[in-house]
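S.K.: Sequence first, predicted coordinates after that:
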Amino acid sequence: MKKQAKQPSQRQLQAGELIRRALVDIIAREDFRDPDLKGVSITVSEVRAAPDLRTARVYAAPLGGQNTPEVVAALNRCAKFLRGKLGRELKMRSTPSLRFEVDTTFDVASEMNALLARPEIARDLGKRDLGKSDLD
């Protein structure tokens, strides 16, 4: 039998959002030496903190989605540097170690939009809108 994934606690969610906001500020103002990060705008969409708050998975992608694997690999190379900067900004007992992962939410949203734009799907959705409401 497969274990169900446990929902994050309120504390994990708050810590993740706090880390995300601080990382966005740090990444925006830092001038990285890594050539894969020079001149690249990076979007940090989510940070998932572990239950013990010692590690955090950071979902990031470059704006425009070009060279995503290279940018995420470069962020992982800079993770210790970013953790040090993060520790100076946050009021946490310990600063979590960061692991950057590719953010695929924008790709999934694009696929959903493309799927919904298909003529046969749009036709079916149009029929539903013309019919009686679900509340009748």
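M.R.: That came through fine.

S.K.: burial count for the residue lying closest to residue 122 once chain neighbours are set aside?
M.R.: In space, not counting the residues next to it along the chain, residue 122 is nearest to residue 116; the distance is 7.1 Å by Cβ to Cβ, 6 or more residues apart in numbering. The C-beta positions use only the backbone N, C-alpha and C, and glycine is treated the same way. A count of neighbours around residue 116, defined by other Cβ atoms under 10 Å, yields 10.

S.K.: Local confidence estimate at residue 116?
M.R.: Per-residue confidence at residue 116 stands at 77 (pLDDT).

S.K.: what's the domain layout of the chain?
M.R.: Domain assignment of the chain by automatic domain parsing yields the ranges 10-103, 104-136.

S.K.: Out of those domains, which is the most enclosed?
M.R.: Mean neighbours per residue, mean count of other Cβ atoms under 10 Å, is largest over the domains of the chain for domain 10-103, with a mean of 16.
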